[in-house]
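1. Whatever this is, show me its structure:
(2 chains)
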Amino acid sequence: MDVFVIGQAVHPPAMRIGDKRLEELVFDTAYAALKDAGVSREQIDHVTIAGCDELDGRSISSMLLAAPAGAQLRDEMKCTDSGLTGLCLEAMRLEAGIFELGLLVSWCKPSTAPVEDVMRMRCEPFYTRPIGLNMTITDGLFAQAAGAQYGFDEFDADEVVLDSYRRGAANPRGVGHAVPGVADISVSPYVAAPLRQAHQAPITDGAVAMVVASGDWMKRNPRAKALARVAGIGWRNEEYDLGADRLTGLRSFKDSWGDALRMAGCNNAADLDLIELDSQTGFHELAFRAALGDDMPKAISTSGGAFAQNPYFCTGLINAAEAILQVSDRAGPIQIPGIKRAGAHAAHGFALQANVAVVLERV
Amino acid sequence: MPKTPVAVIGTGQTKFKTHYADKTYVELAQDAAKLALDDAGMEPGEIDAVVYSMAPTQFMGVNDCDRWATGHVWGKGKPYMRIHAGGATGGSALHAGYVHIASGVYRSVLVVGADRVAETPDAQHILNLIWDRFYEHDFALNTVTMTALAAQRYMARYGTTEEQFAKVVVRARKHALGNPYAHLKGDITVDDVMNSPRVAYPYKRFDICPRSSGAAAVVLTNLDIAKKKSSKPAFVNGVSAITHSVFMGDRMGVYSETEFSDHDGEWIAGYEAYRQAGITNPASQIQVAELYDPFSTFQFPIIEGLGFCGRGRAAAISDEGGWDLDAGFVAIGPSGGTLCTNPIGVTGLVRVVDAADQIRGKSGQNQVKNVRNAVATAAGGSTQFFTVTVLGEDHAPAGRLQ
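-> Purely as a prediction, here's the structure:
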């Protein structure tokens, strides 16, 4: 794609950002991204928003948040799937030739939202809501089914979680979670067997914004420096109902990566130097690795992924920001030398109903 | 410039009514998807991607209900995303579908959605929650009272009367008589409107849209597929949107860039959509306008914003029947419009369906003669999100950005 990220900002995360309204969180992040890109809001010709009303606790949250996101008197569009879906939409808006310079903003402040209640209300009212399904239980069902399919268990998950926390602790953009001992993980309470509480990535508050430009704009503004090219995008959904095949097939994970890699001219994920995965539990990370199989990139979730920070709705777009930092040599102490192509991933919906993949390339 | 012209080759909508006791939400969405696919002569497997149109899910009571609908609208295994812009959702979803194809990423896209606004016992309570919880929740703000304030301001600026708004309702209900899908319809009089119960000045009950349930869908494709599949597609020649501040007070007065009561976003988005479509004189080049007009007071400022007449002139033309279906000028809302049917999450899409059907000569009893171009609008939030879509029987010249 002829689409480039020229600036970005990730709000300093916290378990609870208590000193800012959501509007302030969004404004500060959007403003910082514009500053990073060296452009003004007046130069932006459109805005793409990715947000979740239910987690924001408002019926049309973009009413109050569009202007802080820079969309005052701009052509603005909002998707509700995930932050990373917003990057896919933003890339298509630019590639369609109507726009040249856009601002993409996504946020999540779940410290003010009863997340499990929001997830329970995702259940349709006839079958799944009466039995009390929620995010944790569907993750537990996924952990059971995927573990049986791919041959991993909770002890493997303990190790993956520990490793994720270690990577997250080295990431200066993480919350700074203390790294637990493996014993702390393995004796934490079951929340939906085999899923233990410590297998779950803590949900944090956060926001992320990117300034994205078309190739034509880059040509006309030669002094602008691209941080990365958006080389490939892919997003796929699976059925809502949780059958055995749905829980173990990881089809939308594989197909979204297939789409993004094909568009980027890659044969498989091994052509990437890094993938930042959206692993909400240790079992998710194990399943993703199993799905990638032999086509593994050189590095996985160097940032610590969701165990570094996890503003649930936009964790995937945070992953993209981390990937962009890597391909632009700005990742600081966790920089891997020579990263040319990096992937970012998001998952959303019950038990991975949908996955999103983006390939970002060094310019 | 877009990599390909984008065309509507299939449309579908269900009948709209207050409740559907015999269908679930997802079955409604499926009905519209099936109708659109059949109209396009396509099988679900020929659709590359799905865009789901849904506004606040609190109306129907299932969070992120698009996920529930995935399999029912044949989205399983496909790229699938939901667009949400309040009342402007359907227009914005259409624009999202457009960029899927104009970018060259996908060839054919199903844009589909459903809403059941009356599942909640009080939609206006839900709509109170769209405002700021610290400053505005405790006012009696909802979409009725909010737009009543704008209507009063419009009346003060242009001298428009309640009776003139009542004539809009009479025309809409009359137009809807020929629309088999419309929710409210009938031969009513200005007195009927004026004598209906007062809600919030200047509104009486008949000035306000119903809470509708139903679904709509559109099949969009690139030029190559449109040529193969359709003898008369409707091309999407202009797509534009504008977003305002939520704060109504910031949109009026000497320091404001725009005027709240004039629906100025409509003008800004309309101008850009016209530019893309090569429309230089909308009153002579556009034959049909399907407007997002859930209140009788919306039509005049939107008509003026879209350039069909000067500011403050639409009411007088309305009095003379100039916006009627058969007047030979611009037919405003030949379907009966949003005033007769408002399933909020898909209303903007219904406007596109009705406008595209006029281009394609498929509007039955309500068909306007010789429609070459049509415009469809949507609006949402605190009348802050506006979308304008221009459709035409020919595709616009390729060049867009100038």
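
2. any chance you could map the strands in the stretch 301-402 of chain B?
-> B:331-332, B:373-380, B:385-392 (DSSP state E, counting those that start in this stretch).

3. Just send those strands back as TSV, with mean neighbour count and mean pLDDT too.
-> All C-beta spots, glycine's among them, are computed from the backbone N, C-alpha and C. Compiled in TSV, those are given as follows (neighbours: other C-beta atoms under 10 Å in any protein chain shown; pLDDT from 0 to 100):
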stretch	mean neighbour count	mean pLDDT
strand B:331-332	28	98
strand B:373-380	30	98
strand B:385-392	31	98
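
4. where are the low-confidence patches of the stretch 251-400 of chain B?
-> B:397-400 (pLDDT under 70).

5. who in it is up against chain A?
-> B:257, B:258, B:268, B:269, B:272, B:276, B:380, B:381, B:382, B:384, B:385, B:400 (C-beta under 8 Å from any C-beta of the partner chain).

6. Could you give me the ChimeraX syntax to select whichever of those are buried?
-> Only the buried entries of these go into this ChimeraX selection, using 16 or more other C-beta atoms under 10 Å in any protein chain shown:
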select /B:258,268,269,272,276,380,381,382,384,385,400
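
7. ok, back up a step: output the strands of the stretch 301-402 of chain B in a markdown table, with distance to residue B:85 appended to each entry.
-> Compiled in a markdown table, the strands of the stretch 301-402 of chain B are given as follows (distance: least, C-beta to C-beta, whole Å):
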| stretch | distance to residue B:85 |
| --- | --- |
| strand B:331-332 | 23 |
| strand B:373-380 | 5 |
| strand B:385-392 | 5 |
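
8. Residue B:212: which of those is closest?
-> Taking C-beta to C-beta, strand B:373-380 is the member of those nearest to residue B:212, at 14.8 Å.

9. now the angle from that closest one to strand B:385-392?
-> 170 degrees (axes from the mean of the first three to the mean of the last three C-alpha atoms, to 10 degrees).

10. now for strand B:373-380, which elements pack on it?
-> Packing partners of strand B:373-380 (3 or more C-beta pairs under 8 Å, 6 or more residues apart in numbering or on different chains; DSSP states H and E): helix B:89-102, helix B:264-277, strand B:288-290, helix B:344-359, strand B:385-392.

11. average model confidence for the first one?
-> Along helix B:89-102, the predicted local confidence has a mean pLDDT of 98.

12. and that helix with chain A, contact?
-> Yes. Using C-beta under 8 Å from any C-beta, helix B:89-102 reaches chain A at B:92, B:95, B:96, B:98, B:99, B:100, B:102.

13. out of the residues you listed, which one sits closest to residue A:201?
-> Residue A:201 lies nearest to residue B:96 out of these, by C-beta to C-beta, at 29.9 Å.

14. measure the closest one to residue B:6 for me?
-> Using C-beta to C-beta, to the nearest Å, residue B:96 is found at 12 Å from residue B:6.

15. how about the strands in the stretch 151-300 of chain B?
-> B:198-200, B:203-204, B:213-222, B:234-243, B:288-290.

16. now what about the last one, what contacts it?
-> I take that to be strand B:288-290. Under the criterion C-beta atoms under 8 Å, 6 or more residues apart in numbering or on different chains, residues B:303, B:306, B:308, B:330-335, B:337, B:351-352, B:354-355, B:358, B:368, B:371, B:373-377 lie in contact with strand B:288-290.

17. Let's see that with 7 Å instead.
-> B:306, B:330-335, B:337, B:351, B:354-355, B:358, B:368, B:371, B:374-376 (C-beta atoms under 7 Å, 6 or more residues apart in numbering or on different chains).

18. In its sheet, which strands sit next to that strand, and in what direction?
-> Next to strand B:288-290 in the sheet, as set by DSSP bridges, lie strand B:331-332 (parallel), strand B:373-380 (parallel).

19. Turn those strands into JSON lines, including distance to residue A:149.
-> Output for the strands paired with strand B:288-290, formatted as JSON lines (distance: least, C-beta to C-beta, whole Å):
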{"stretch": "strand B:331-332", "distance to residue A:149": "58"}
{"stretch": "strand B:373-380", "distance to residue A:149": "44"}
